[in-house]
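**Q** please work out how this folds:
(2 chains)
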Amino acid sequence: MEIDYLLVVLLSSLTSASVLIIATLGLAVIFGLMGVVNLAHGEFIMFGAYTALVVTRSGVPFSIAVIVAALVTALFGAIVERVIIRRLYGRLLDTLLATWGLSLVLYQSAVLIFGSVTPGIGMPQSNVRIGDYTISSYMLFLLGVAIVLVLALYWLLTKTGYGIVARAAIQDSETASAIGIESGRINTMTFALGSGLAGFAGAILLPAVPATPGMGFAFVIKAFLTVVVAGPVTLTGTVLAGGLLGSAANIVASFWTTVAGNIVFFMLTMGLLRLYPNGITARWNRKL
Amino acid sequence: MFKLTNATGGYKKTTIIRDVSLSIAENEIVALLGRNGAGKTTVIKYAMGLIDAFGGSTSIDGKELPVSTAKRVKAGIGYVPQGRNVFPRLTVLENVAAAAIACGHNRKDAEERALSDFPMLKPKASVLASSLSGGQQQVLAIARALATKPRILILDEPTEGVQPSIVDEIAEVIRKLNRDKGLAVLVAEQDLDFCLSLADRAYVLDKGVIAREATKSEILSDMELQHELLGV
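**A** As a prediction, this is how the structure comes out:
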């Protein structure tokens, strides 16, 4: 086996893990940190993808469209939190039903508005050559995006005033209000942050994953499993779990088939949860 | 300075405290005594806006406080809850910082003040609060409440499950803050010795109403009162 082939396999598995991590970070905030089982996470990604699509088609550069999509999805998330989620904190089954209903509404709305097939955004495709092989330069760019996004989120939640107050409000909202934190408002902001990350994912992945009403399904199951495997140290755990599961599945897929890759993903998840029922970071003494 | 007037409240439709009135002057340390279940925690939660109020009011300097708990804290009530409730996955300093940031105070100053008031937190400054002992968590909860720069500090059972050496240290710091900064203190306790080492005056709560108001010397000389209401 050639060194360039190994390098391409390595890079493509890392980029595939990056896609999984980008698509999971929003859920890591909403489910991993806040404990809200948001079954509409996939549709939040879809929401971001369509927003970016519409904005790009109206002539705005793609890079700005991605930011607009993240902001619009964050705003949408804030409204969802105020109207639905706020009443359901700590009520697992009710949250499941409500967010599942929301996902159906969003899916059907997308079908009604955009139809079930939509053209892509026609980004110029360029490739990077490695020996005898090539790899998409946009996929390499996504690897960088994932790294920057994780670092930025870690910085936001551990170093800024908002981050410290937000983590306090999530851990114990009554005590948080008893030291002066407006827990309700802060939790709306954090839910909006998670939604914005989902919207960003849908938008930034648009050149690689075209917008379709059903695109959320492809992400939501793997995203949930990744956060569950991650355990209580949410962010570090998500990066580790996403990196491991995403690249393992991709390596198998590149030697065999995508179906085999998915089987490995789920088998590995089962194995890890068997070994670490509370997630791989259950015994870690880290804050995030 | 701080006043509860005819406080009546409880949970859902159950009234637990009825017409509780008490007042605390600036510079004063007052104890709230009573047996288990007498309603001490409920009175404190009423003052914090954490339970349903059916009547009465809470005020500072004659101004009635808003309903929102967070706004009451910003109006000058520092609160140390029963069971401490430190944020387990925040570090010691982050626990303090969260309170300072929420109330619009400088974070660095608050952290430095916490470490100088409570030197025992220094070696633990950047570990998660969940890894502290019960007594250390209690100290942290007090440091966190002080970071809101309160005018009155309300403590709910601060000695519960805390080792004696730390109880003494807590009493010492409360006395110092009261003496140097004029901090008013309301402390709910079952530990009579601890209370009387701090307070000059006490309200005795029984079955949700104020059964009696007494000075330190009255309580100390009245064995029957001690026995009847406090079970000591």
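**Q** going forward, measure contacts and count neighbours with C-alpha atoms only.
**A** Fine.
**Q** so who does residue A:224 touch?
**A** Applying CA atoms under 8 Å, 6 or more residues apart in numbering or on different chains, we find residue A:224 in contact with A:24, A:27.
**Q** any idea which helix or strand carries it?
**A** helix A:215-230 (DSSP states H and E).
**Q** give me the mean pLDDT for that helix.
**A** Regarding helix A:215-230, the rounded mean pLDDT is 92.
**Q** list of residues touching the helix or strand containing residue A:168?
**A** Residue A:168 belongs to helix A:161-171 when assigned by DSSP H and E. Here helix A:161-171 makes contact (CA under 8 Å, 6+ apart) with A:33-34, A:156-158, A:175-177, A:181, A:183, A:186-187, A:190, B:87-90, B:94-95, B:97-99, B:101-102.
**Q** can I get the CA coordinates of the helix or strand just after that helix in CSV?
**A** Proceeding N to C from helix A:161-171, the next assigned helix or strand is helix A:173-177, under DSSP H and E. C-alpha atoms of helix A:173-177 as CSV (Å, rounded to 0.1, in the frame of the first residue of the first chain):
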residue,chain,number,x,y,z
SER,A,173,-31.4,27.3,37.3
GLU,A,174,-33.0,28.0,40.7
THR,A,175,-29.7,28.5,42.5
ALA,A,176,-28.5,30.5,39.5
SER,A,177,-31.4,32.9,39.9
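**Q** which one is residue 134 nearest to, not counting chain neighbours?
**A** Looking at chain A here, since you left the chain open. Distances taken as CA to CA, 6 or more residues apart in numbering or on different chains place residue A:128 nearest to residue A:134, at 5.4 Å, with adjacent residues excluded.
**Q** hm, I was asking about chain B
**A** residue B:162 is the one closest to residue B:134 (CA to CA, 6+ apart), at 6.1 Å.
**Q** which strands or helices does the helix or strand where residue B:141 lies pack on?
**A** Using DSSP H and E, residue B:141 sits in helix B:134-146. Packing partners of helix B:134-146 (3 or more CA pairs under 8 Å, 6 or more residues apart in numbering or on different chains; DSSP states H and E): strand B:77-80, helix B:92-102, helix B:107-117, helix B:164-181.
**Q** tell me which of these lies nearest to chain A.
**A** Proximity to chain A, assessed across the helices and strands packed on helix B:134-146 by CA to the nearest CA, is greatest for helix B:92-102 (5.0 Å).
**Q** does chain A have contacts with that closest one?
**A** Yes. Judged by CA under 8 Å from any CA of the partner chain, helix B:92-102 and chain A are in contact via B:94, B:95, B:97, B:98, B:99, B:101, B:102.
**Q** and that helix, what does it pack onto?
**A** Here helix B:92-102 touches helix A:161-171, helix B:107-117, helix B:134-146, going by 3+ CA pairs under 8 Å, 6+ apart.
**Q** state the mean pLDDT of the first one.
**A** Yep, that's helix A:161-171 we're talking about. Helix A:161-171 shows a mean pLDDT of 94.
**Q** so what's the gap between it and the chain middle?
**A** Put simply, helix A:161-171 sits 21 Å off its chain's centre (CA atoms, centre = their mean, to the nearest Å).
**Q** next one: stretch A:55-67
**A** 21 Å.
**Q** before we move on, what about stretch A:264-276?
**A** 20 Å.
**Q** so which bits of it are buried?
**A** For stretch A:264-276, a neighbour-count test (16 or more other CA atoms under 10 Å in any protein chain shown) marks A:264, A:265, A:268, A:269, A:272, A:273, A:276 as buried.
**Q** so which of those are in helices?
**A** Within those, residues falling in helices by DSSP state H are A:264, A:265, A:268, A:269, A:272, A:273.
**Q** nearest to chain B, of those residues?
**A** For these, the nearest to chain B is residue A:273 (22.6 Å; CA to the nearest CA).
**Q** just say helix, strand or coil for the residue in chain A positioned nearest to chain B.
**A** Closest approach between chain A and chain B, counting by CA to the nearest CA: residue A:180, at 4.0 Å. Using DSSP: H, G, I helix; E, B strand; the rest coil, the structure places residue A:180 in coil.
**Q** got the contact list for it?
**A** Residue A:180 neighbours (CA under 8 Å, 6+ apart): B:69, B:70, B:71, B:72, B:73, B:74, B:99, B:102, B:103, B:148.
**Q** quick one, which of these are buried?
**A** In the contacts of residue A:180, burial by neighbour count holds for B:69, B:70, B:71, B:72, B:73, B:74, B:99, B:102, B:103, B:148, counting by 16+ other CA under 10 Å.
**Q** so where's the chain shaky on pLDDT?
**A** Using chain A. Across chain A, the ranges flagged by pLDDT under 70 are A:1, A:119-120, A:122-124.
**Q** not what I meant, chain B
**A** B:229-232.
**Q** now the strands for it?
**A** Using DSSP state E, the strands found in chain B span residues B:2-11, B:14-24, B:29-33, B:52-60, B:63-64, B:77-80, B:152-156, B:184-189, B:201-206, B:209-215.
**Q** most packed of those strands?
**A** strand B:77-80 (a mean of 29; mean count of other CA atoms under 10 Å in any protein chain shown).
**Q** chain center to that strand, what's the gap?
**A** Counting by CA atoms, centre = their mean, strand B:77-80 comes out at 6 Å from the chain centroid.
**Q** that one pairs with which strands?
**A** When pairing is defined by DSSP bridges, strand B:77-80 lines up against strand B:152-156 (parallel).
**Q** report the angle between the strand it pairs with and helix B:134-146.
**A** Orientation check (axes from the mean of the first three to the mean of the last three CA atoms, to 10 degrees): strand B:152-156 against helix B:134-146 gives 150 degrees.
**Q** what's in contact with strand B:152-156?
**A** B:2, B:40-41, B:44, B:76-82, B:145-146, B:183-189.
**Q** number of nearby residues for residue A:87?
**A** Counted by other CA atoms under 10 Å in any protein chain shown, the residues lying close to residue A:87 total 12.
**Q** so it: helix, strand or coil?
**A** Classification of residue A:87 using three-state DSSP returns helix.
**Q** likewise for residue A:134?
**A** strand.
**Q** check which helix or strand residue A:110 maps to.
**A** For residue A:110, the host element (DSSP H and E) is helix A:92-114.
**Q** name the surrounding residues that touch the helix holding residue B:141.
**A** Here helix B:134-146 has contacts from A:179, B:78-81, B:84-86, B:92, B:95-97, B:99, B:114, B:117-118, B:120-121, B:129, B:153, B:158, B:161-163, B:166-167, B:170, using CA under 8 Å, 6+ apart.
**Q** for chain A, give me its nearest residue in chain B.
**A** For chain B, CA to the nearest CA, closest residue to chain A: residue B:70, 4.0 Å.
**Q** can you tell me the centre-most residue of chain B?
**A** residue B:155 (1.6 Å; CA atoms, centre = their mean).
**Q** what are the contacting residues of stretch A:104-115?
**A** Residues contacting stretch A:104-115 (CA under 8 Å, 6+ apart): A:43, A:47, A:116, A:213, A:214.
**Q** any idea how far the helix or strand hosting residue A:63 is from the chain center?
**A** Using DSSP H and E, residue A:63 sits in helix A:62-83. Centroid separation for helix A:62-83 versus its chain: 14 Å, with CA atoms, centre = their mean.
**Q** how about the nearest residue to residue B:73, chain neighbours excluded?
**A** Using CA to CA, 6+ apart, the nearest residue to residue B:73 is residue A:180, at 5.2 Å.
**Q** which residue packs closest to residue 62, ignoring adjacent ones?
**A** Just going to use chain A. Residue A:62's closest residue in space is residue A:56 (CA to CA, 6+ apart), at 5.6 Å.
**Q** hmm, I had chain B in mind actually
**A** Leaving aside its chain neighbours, residue B:62 sits nearest to residue B:1 (7.3 Å; criterion: CA to CA, 6+ apart).
**Q** the one you found is in contact with residue B:63, isn't it?
**A** No. If you go by CA atoms under 8 Å, residue B:1 and residue B:63 don't touch, sitting 9.6 Å apart.
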